[in-house]
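Asks: Give me coordinates for this.
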Amino acid sequence: MHYEAVIGLEVHAQMSTETKIFCGCLTKFGSEPNTQTCPVCIGMPGALPVLNKKALEFAVRAGLALNCGISPMSRFARKNYFYPDLPKGYQISQYELPICEHGFLEIVADGGLKKIGVTRVHMEEDAGKNIHEGAGNSSLVDLNRAGVPLMEIVSEPDIRSPKEAAEYMKKLRTMLRYLGVCDGNMEQGSLRCDANVSVREEGSKGLGVKVEVKNINSFRFVEKALEYEIKRQIKAIKDGGSIIQETRLWDSDAGITQSMRTKEEAHDYRYFPEPDLAPIAVRQEWIDEIRASLPELPDAKRQRFVSSYSLPEYDADILISEKPLSEWYEEAVNAGGQPKAVSNWMMGEMMKLLNEDGINIENCPLKPEQLADMLSLIDKGTISGKIAKTVFEEMFRTGKDAESIVIEKSLVQITDKDAILKAVDEILAKSPKEVERYRAGEEKLIGFFVGQAMKLTKGKANPAALNEILKRKLSDK
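Replies: As a prediction, this is how the structure comes out:
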């Protein structure tokens, strides 16, 4: 008997607002514990919440990008549960009337596009953080994060594999970053994921018993956690056991999921409308204004890069993966760089140097117009592609422009055919056995001669001229 997985993801995205969702406290990450709090976010009696309009705007932006309908009327609810990092004893969230509903996100699966339904996008406040390290037998509570605005993006159970789940998460993160509503920093907890997973017989339309897996904070762990949990459930069924509805915790060190608690149902939280916040009425004119302000989204940009710049889909996928990367690329092209050449250098030498230095494209010391200027030197024959690698790294390290580096280091390409002929004669004179083998039919030895000539000319010989002269001389008996 074969089984298939049924997966739905609940993604919590921290909104990139300067202040919290219901008060004026800052949302800055990494501050001293309990320094970004006030009576509202620590739940003091009598303190009243006021909705942050920017958080509402960000939720609408995300909903529109995810093809959702925007509710003209929505409201907050109290989600009641007890945990030490929840100062009020309840979380202000949205329940029966969320701000956005019934959307979708398309991912690439099995070589084609697959539509993953989005059930809802709703707003809520984050809880605080329990700190267990360095407190002996006690735990400490930091409430800086309490009240930080979140949007929860709930997918339909349309995902069928761990790979699809990771692809959905990556696509969603890229979109949120393009929109400017979430920085997507998974290490800092700005983007977190809970997965609901069950298994069923292949071809069955019914649903198995759902298990929630929490604490997934990277794309790799999304795949790992789901792979383990799917195998665990299938094994339990084949061994004659049963699956219980529960919440399990992903232990990334052990590579397993562990039972945390019995899964709660909605009634366990005793939801009821938040009495301290009025219902939210969103005007259609405001929705239209937000829609008009949306940036070009990843899918549209990918299609444009392929059609306008004749880029392979592989190149386009990489270049649009981060908005700043795509903007850097277009600036270089607009400065005169040939589209494919710019792509090659960005995906090759630039990515290598950025990774070595542990920096991102926003902090790249090299400017787009500098790459375009270097490419023009290659096109004019001033430098060869091999020399260009040296020039590129020097530009990256020093910030100097290509022409200055070429002059300073005497890197101008040798195009004088007499000078190249002299170098070729010297190489052939030193390699009589290789010459004999080449003339006997080992034509792959041309690479040996090119390498030796380049070494002699310190990489400055014009490759086309060098190859032409070498082949002519080697054909002479």
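Asks: where does the chain dip in pLDDT?
Replies: Along the chain, the model assigns pLDDT under 70 to residues 263, 413-416, 477.
Asks: helix or strand right after the lengthiest strand in it?
Replies: Looking across the chain with DSSP state E, the single longest strand is strand 112-125. Per DSSP states H and E, strand 112-125 leads on to strand 129-131 as the next helix or strand towards the C-terminus.
Asks: Direction included, what does that next one pair up with?
Replies: Here strand 129-131 is paired, per DSSP bridges, with strand 140-142 (antiparallel).
Asks: one step back: give the buried residues for the longest strand of the chain.
Replies: Under the neighbour-count criterion of 16 or more other Cβ atoms under 10 Å, strand 112-125 has 114, 116-125 buried. Heads up, the C-betas are built off the backbone N, CA and C, glycines and all.
Asks: Export those residues to TSV and append columns for distance to residue 5.
Replies: Below are those laid out as TSV (distance: Cβ to Cβ, whole Å):
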residue	distance to residue 5
114	14
116	14
117	16
118	19
119	18
120	22
121	24
122	25
123	30
124	28
125	32
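Asks: Just the closest of the residues you listed to residue 441, please.
Replies: The closest of the buried residues of strand 112-125 to residue 441 turns out to be residue 114 (Cβ to Cβ; 53.0 Å).
Asks: quick one: contacts for residue 199?
Replies: Residues near residue 199 by Cβ atoms under 8 Å, 6 or more residues apart in numbering: 3-6, 208, 230, 233-234, 237, 243.
Asks: Helices - which of the residues you listed land there?
Replies: 230, 233-234, 237 (DSSP state H).
Asks: quick one on the thing from earlier: what packs against the longest strand of the chain?
Replies: Applying 3 or more Cβ pairs under 8 Å, 6 or more residues apart in numbering; DSSP states H and E, we find strand 112-125 packed against helix 53-65, strand 90-93, strand 100-109, strand 149-155, helix 162-179.
Asks: With just CA atoms, put the longest one into CSV.
Replies: Looking back up the chat, that one is helix 162-179. Extracted C-alpha coordinates of helix 162-179, given in CSV (Å, rounded to 0.1, in the frame of the first residue of the first chain):
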residue,chain,number,x,y,z
PRO,A,162,8.4,18.3,1.9
LYS,A,163,10.1,19.7,-1.2
GLU,A,164,6.9,21.5,-2.2
ALA,A,165,6.6,22.9,1.3
ALA,A,166,10.1,24.3,1.2
GLU,A,167,9.4,25.8,-2.2
TYR,A,168,6.2,27.4,-0.9
MET,A,169,8.1,28.9,2.0
LYS,A,170,10.9,30.3,-0.2
LYS,A,171,8.4,31.8,-2.7
LEU,A,172,6.4,33.3,0.2
ARG,A,173,9.5,34.8,1.8
THR,A,174,10.7,36.3,-1.5
MET,A,175,7.2,37.9,-2.0
LEU,A,176,7.0,39.4,1.5
ARG,A,177,10.5,40.9,1.1
TYR,A,178,9.6,42.4,-2.3
LEU,A,179,6.5,44.0,-0.6
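Asks: In it, which of the residues would be classed as buried?
Replies: For helix 162-179, the neighbour count (16+ other Cβ under 10 Å) marks 162-169, 171-179 as buried.
Asks: which non-adjacent residue is nearest residue 23?
Replies: What sits nearest to residue 23 in space, not counting adjacent residues and going by Cβ to Cβ, 6 or more residues apart in numbering, is residue 40, at 3.8 Å.
Asks: cool, residue 129 as well?
Replies: Once flanking residues are discounted, residue 129 sits nearest to residue 142: 4.8 Å by Cβ to Cβ, 6+ apart.
Asks: distance of that neighbour from residue 257?
Replies: Distance from residue 142 to residue 257, counting by Cβ to Cβ, to the nearest Å: 27 Å.
Asks: between the two, who's got more neighbours?
Replies: For residue 142 and residue 257, the more surrounded residue by other Cβ atoms under 10 Å is residue 257, and the numbers stand at 27 against 18.
Asks: got a list of what that one touches?
Replies: Applying Cβ under 8 Å, 6+ apart to residue 257 gives the contacts 213, 225, 228-229, 232, 248-251.
Asks: can you list these in a markdown table and add neighbour count, secondary structure and distance to residue 355?
Replies: Converted to a markdown table, these look like this (neighbours: other Cβ atoms under 10 Å; DSSP: H, G, I helix; E, B strand; the rest coil; distance: Cβ to Cβ, whole Å):
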| residue | neighbour count | secondary structure | distance to residue 355 |
| --- | --- | --- | --- |
| 213 | 25 | strand | 31 |
| 225 | 28 | helix | 26 |
| 228 | 19 | helix | 29 |
| 229 | 24 | helix | 32 |
| 232 | 17 | helix | 35 |
| 248 | 23 | strand | 35 |
| 249 | 16 | strand | 32 |
| 250 | 25 | strand | 27 |
| 251 | 13 | strand | 29 |
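Asks: Relative to residue 466, which of those is nearest.
Replies: Using Cβ to Cβ, residue 225 comes nearest to residue 466 of the contacts of residue 257, at 55.2 Å.
Asks: Okay, the nearest residue to the closest one once chain neighbours are set aside and residue 13: tell me how far apart.
Replies: With Cβ to Cβ, 6+ apart as the criterion, residue 225 has its nearest non-adjacent residue at 4.2 Å, and that residue is residue 250. Going from residue 250 to residue 13 by Cβ to Cβ gives 19 Å.
Asks: Need the residues that contact stretch 449-469.
Replies: 381, 384-387, 390, 411-415, 417, 419-421, 423-424, 426-428, 430-431, 434, 438, 446, 470, 474.
Asks: Just the CA atoms of that stretch, as PDB, please.
Replies: C-alpha atoms of stretch 449-469 as PDB (Å, rounded to 0.1, in the frame of the first residue of the first chain):
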ATOM      1  CA  PHE A 449      50.100  25.500 -26.100                       C
ATOM      2  CA  VAL A 450      47.500  28.200 -25.300                       C
ATOM      3  CA  GLY A 451      48.200  27.800 -21.600                       C
ATOM      4  CA  GLN A 452      52.000  28.000 -22.100                       C
ATOM      5  CA  ALA A 453      51.600  31.100 -24.200                       C
ATOM      6  CA  MET A 454      49.300  32.800 -21.800                       C
ATOM      7  CA  LYS A 455      51.800  32.000 -19.000                       C
ATOM      8  CA  LEU A 456      54.600  33.600 -21.000                       C
ATOM      9  CA  THR A 457      52.500  36.700 -21.800                       C
ATOM     10  CA  LYS A 458      51.200  36.900 -18.200                       C
ATOM     11  CA  GLY A 459      47.700  36.300 -19.500                       C
ATOM     12  CA  LYS A 460      47.700  39.300 -21.700                       C
ATOM     13  CA  ALA A 461      47.700  37.700 -25.200                       C
ATOM     14  CA  ASN A 462      44.500  38.200 -27.100                       C
ATOM     15  CA  PRO A 463      42.900  34.800 -27.100                       C
ATOM     16  CA  ALA A 464      41.400  34.900 -30.600                       C
ATOM     17  CA  ALA A 465      44.700  36.100 -32.100                       C
ATOM     18  CA  LEU A 466      46.700  33.600 -30.100                       C
ATOM     19  CA  ASN A 467      44.500  30.600 -31.200                       C
ATOM     20  CA  GLU A 468      44.700  31.800 -34.900                       C
ATOM     21  CA  ILE A 469      48.500  32.100 -34.900                       C
END
